[in-house]
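Enquirer: Quick one, fold the following:
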Amino acid sequence: MTNKKKKEEIPSDVNSFIIFIVNHPYWLITLSMGLVIICTIVSFTYEFKYDGTNASFYVRSGKTANLFDGFGMSIKDETFYSKENYEMRNSQQLENTQPTWAIIVYYTCEECDNLLEWERLDQIYNFENKIVKDSQYQKFCLKTDDGECDTENSPITPTSFFYDSNGNKVNSLQIGLEDLYNDNDGLTRMGICDLNFDNITYQSKYLRATFRFGSPLENYKNQEDQETEQNDQFNDWIKDLIPDSVDDSNSKDLTIYYLGSGVTEIAVNDLIIHDSLLIIVSIFLVFVYTLFHTKTLTLTILGLFHTIMALPMSYFFYRVLLGIEYFSMLNFLSLFIVLGIGCDDIFIMLDSFRQSKHQKEEISKNIYTRMNWAYKRAATTMLITTLTSAGAFFGNTASTIPPIRYFGVFTGMAIVFNYLLVITYFPAVIVIWNNYGEGVCCCFGLFQKKKKKEQFEEDQKDESGGELEDMESSKDSFDSSTTELSSNSMEETKNGKKEKESENQKMGKNKEKKAKKRSKEKETADITQFRRLERYFYCYHSEFILKYRYILLIVFIGIFVGMIIQATKLKPAEDPAEFLPEDHFLSIAISMETDHFYSNDITATIYLVWGVESIDREGVDPLAIDNLGDVIYDKDWNPKLKSSQEYVIQVCDQIQKKWEGEIYRTSQMNCFMKNFRDWVTNETLAGGSYSFPVEEDQFEELLLSYTDWQFEQFRNVLVIQDVFYLPFGIPYTVGFDKKTSELRWFALQFNLILNPISPASKIRPDYEEVEDYIKELNADAPEGIKNLGSVSGTWISMLTEEVLIRVALTSVGVSLAISFLIILIATNNLIISFYALLSISGVVVTIVGMMVSLGWQLGIVESISLTIIVGISVDYIVHFCHAYNVSKKEKRFEKLRESMTSLGISVVSAAVTTLFASFIMFFTYIIFFQRFGIFIWMTILSSVLWSFVFFFVLLAIKGHVNDQGNVKIFFNKIFCKKKYKARLEERKMKKNLQKHAESEDSLSTDYCKDENFIEMNDQNSLVIMGTH
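Expert: Numbering: from 1, shown residues only. The predicted model follows:
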């Protein structure tokens, strides 16, 4: 009977899915969360590979990038420089004899000008002893072949000139200073003392020491045997030793900074962990505000739960379905974006359901009609915002920068999955919450039942529209009448009956009037039930917009023009990008290295490569920097020809003549062919009598012998870690195939006088000059050695920055176009779609103008931020756009006010949660996160300003009513004139209605003007954005 009754109570127009939600909310929650949990578990069965390097941000397309990666992969996996070196690295090696790790320590004094004094040298010596006297130092120190720590090559420190191996001081400080200046023809002092050190004052405010450590460690075959495991052991030892020793030794007379293997990575990872833990604070702030808005712990917990669970669902799609192995650091920023969008959807769905209670009776009748109305209203507007936001992020898939491309995929899918959960899982949560007590702030028992009597009376009241109250009044009147009858005579009975009938008729008329009044109030706006912020939008903000619309339009046009002027001043970065604060010890150490030591003559290494043509990336994960693809070698390359050998010498001479002292250092050029020529013509070194150029059948064999000889000469050279250097500091300028020993490529190496981390605008001129010269060389080159190319990490940094800037501007344009099309399709109206496009464009222009005002330049961080600007800013405008478009009000102002009132509180709350989520990023160490947080704040505040003011100003001036701007009518006018004429006749019949819609009636209702109402309603409302 009860089931039958329930079915009879369900109106026929209620969607079947809504019926399922209301009747089976627990089943829907179980199914949706079960699917989420299964997908999450499956995802965790796949190996998680975190990409924390900058290398994946490099551009991966174009001739220069392909040559760079092909050359790098050939060195890494396919070729060797010296056969002896290659065989030794793959055979049993003596323990700790291979230089593998290095720590560089910098000393300075804030309150003095010279560290080369006994007092400070003693402090430095004591610090270094903390390291070399550590109990595990013997396990990791670089050793000689006899198994003893190599004290001659590590540490390389200024104290070695003033103290002997037993810690005794030299006889005179001056003797130590002179030895330091003259040692190794002055090369030693260049690695130890600052640029101002000379043989007159012998003063150095900055000093540098290098500690070298070796592998293979004990019980490992060679340097490459379980390399990761060996690195972990070293890192576990050094990670606490260096920081603790530095902390113990720092004083007012000595400050120590450091860089190097293990310690730098650990320090950066610590910063990332610190900044990542702030996410917890961010979630807590969002939780607090969401609780404040919903006033229900149940909805807050379960709502935020599904928002966060959208991320593992997106990871399932990303990792399992798409098969993308590496997870970029950029993807973690999705949390802040999804939190804001997810809370926005929560507020839209919940507020729609709450507002349904105060709609006309056919909507507020019962849970079915309320959910049906709220679901259709909320799901549609959320679908449009989901499509526009996700579409804007999916627009980044066109980027040639892999992390940005996959960030667009991951974030876009997270937004989509959040939408799917908020239209399935969350309505079921709302139904259960409603059934067990709407408005109850439950704490420990998640749902708290109302008393049966109260529930029954409220249900009856809702269903009868207030008839219970009238019945009680009728009952009291009837009791009063019978009392009077009992005290009167029989003669007065007839008169009493007449009076009773008259009173009942009057009562029926009053009842009918009350019902009509309630119906009228329901059909307009029952603002006595509005929350304070809703009343503000209904009574004040909407009127303010209409009253001052032309003034506000002029103001915003001025802002738009002013920001466009500012935006035109945005230019590419002129200074190197900063990723850490200036006062962080890593930043200080890097600055000391570049500003005060011999290395301040910053150079960028360039390789002119023959033999490698490109790389085949098919089927390769672009984020997998350890496997970039298969190397493509130049099939036409023939280095054995005598003409080829001579031409390489000729190129070396031409470069020296053309650029010496201008864009490169002669002393920093490595022309391997000249060195090979000198070696092969020396009978003692070559072991025979040869001439240059050598015979074709002898060339590869002799070149291989030369590289073995050079390896022996340089095997004890100071380690300089570089991707294109051997472990012993020899430039990798020749490559032999590991399997066949066939010569695969060779290269010339020289250093440009150019900071390799300079912005693209400063690198581009040198790049173009080198590339133009290479074209000239290839044009004049003999057959067999024509395909010369330049390779440099500096070129890749430049191209990456340029691509980021180009992609940022392109992404903004593409995202705007996608958003416009989606809005146009969803609203079927050109006018409001155009208004939305103008408003979103206003947000973009405002952000770019503010970036210029803050002194920002278009670097890597700013370019990445711009790629997501539309995706973040589009939501609020689209919400209002859809609400206005579907409003059934006839007057323009009524449509405007209804859309503002119904969604304003949800949009404000969504903005606040996004601001809370990103606010914590102001306290991060990594500058990228700091600027990203500032960027989100600027974007959200600008979006609120342009959506709540400018967008509604446009609607107040010329918002569409009836069929104005309708796309179908527009196309009928052009392509189907008969239909248009018929439609035109129909519109003429509605001319009076049209004039009525465009007239400006009184803006305020009696409710808005009634101060007694405001005072009365405040007693039943929360002070700010409260709920009933």
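Enquirer: packing partners for whatever helix or strand I18 lives in?
Expert: Here I18 sits within helix 16-23, counting by DSSP states H and E. Judged by 3 or more CB pairs under 8 Å, 6 or more residues apart in numbering; DSSP states H and E, the packing partners of helix 16-23 are helix 367-394, helix 425-435. Every C-beta, even on glycine, is put in place using the N, C-alpha and C of the backbone.
Enquirer: try 10 Å this time
Expert: With contacts defined as 3 or more CB pairs under 10 Å, 6 or more residues apart in numbering; DSSP states H and E, helix 16-23 has these neighbours: helix 2-9, helix 25-44, helix 367-394, helix 425-435.
Enquirer: Export these as JSON lines, with columns for distance to I825, mean neighbour count and mean pLDDT.
Expert: Shown next, in JSON lines, are these (distance: least, CB to CB, whole Å; neighbours: other CB atoms under 10 Å; pLDDT from 0 to 100):
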{"stretch": "helix 2-9", "distance to I825": "37", "mean neighbour count": "9", "mean pLDDT": "47"}
{"stretch": "helix 25-44", "distance to I825": "28", "mean neighbour count": "15", "mean pLDDT": "92"}
{"stretch": "helix 367-394", "distance to I825": "9", "mean neighbour count": "23", "mean pLDDT": "87"}
{"stretch": "helix 425-435", "distance to I825": "25", "mean neighbour count": "23", "mean pLDDT": "92"}
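Enquirer: Nearest to E229 among the ones you listed would be which one?
Expert: Among the helices and strands packed on helix 16-23, the nearest to E229 by CB to CB is helix 25-44 (23.9 Å).
Enquirer: who touches the closest one?
Expert: For helix 25-44, contacts defined as CB atoms under 10 Å, 6 or more residues apart in numbering pick out 17, 20-22, 24, 302, 305-306, 309-321, 417, 420-421, 424-435.
Enquirer: and the angle for that helix with helix 16-23?
Expert: 100 degrees (axes from the mean of the first three to the mean of the last three CA atoms, to 10 degrees).
Enquirer: which residues touch G735?
Expert: Neighbouring residues of G735 by CB under 10 Å, 6+ apart: 71, 74-75, 78-81, 609, 611-612, 633, 707, 742-747.
Enquirer: again, 6 Å this time
Expert: 74, 79, 744-745 (CB atoms under 6 Å, 6 or more residues apart in numbering).
Enquirer: A428 now?
Expert: 21, 25, 28-29.
Enquirer: The protein: strands as residue ranges?
Expert: Secondary structure of the chain (DSSP state E): strands at 49-51, 79-80, 98-108, 206-215, 255-260, 326-328, 604-610, 612-616, 630-633, 734-737, 743-752, 789-791.
Enquirer: Tabulate those (CSV), appending mean pLDDT and distance to I831.
Expert: What follows is the strands of the chain, written out as CSV (pLDDT from 0 to 100; distance: least, CB to CB, whole Å):
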stretch, mean pLDDT, distance to I831
strand 49-51, 76, 46
strand 79-80, 74, 65
strand 98-108, 89, 64
strand 206-215, 90, 67
strand 255-260, 91, 60
strand 326-328, 83, 41
strand 604-610, 88, 55
strand 612-616, 92, 51
strand 630-633, 92, 55
strand 734-737, 87, 65
strand 743-752, 85, 57
strand 789-791, 92, 54
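Enquirer: is it possible to export those strands to TSV including distance to Q223?
Expert: Converted to TSV, the strands of the chain look like this (distance: least, CB to CB, whole Å):
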stretch	distance to Q223
strand 49-51	24
strand 79-80	14
strand 98-108	5
strand 206-215	5
strand 255-260	18
strand 326-328	26
strand 604-610	23
strand 612-616	25
strand 630-633	23
strand 734-737	19
strand 743-752	23
strand 789-791	25
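Enquirer: out of the ones you listed, nearest to N885?
Expert: Proximity to N885 (CB to CB) singles out strand 326-328 among the strands of the chain, at 38.0 Å.
Enquirer: related to what we said a few turns ago, any chance of the helices and strands packed on helix 16-23 in TSV, with distance to K888 too?
Expert: Below are the helices and strands packed on helix 16-23 laid out as TSV (distance: least, CB to CB, whole Å):
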stretch	distance to K888
helix 2-9	25
helix 25-44	30
helix 367-394	12
helix 425-435	23
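Enquirer: do you know which of those helices lies nearest K221?
Expert: Closest among the helices and strands packed on helix 16-23, once you apply CB to CB, is helix 25-44, at 33.9 Å.
Enquirer: Quick one: neighbours of V734, just the number.
Expert: 25 (other CB atoms under 10 Å).
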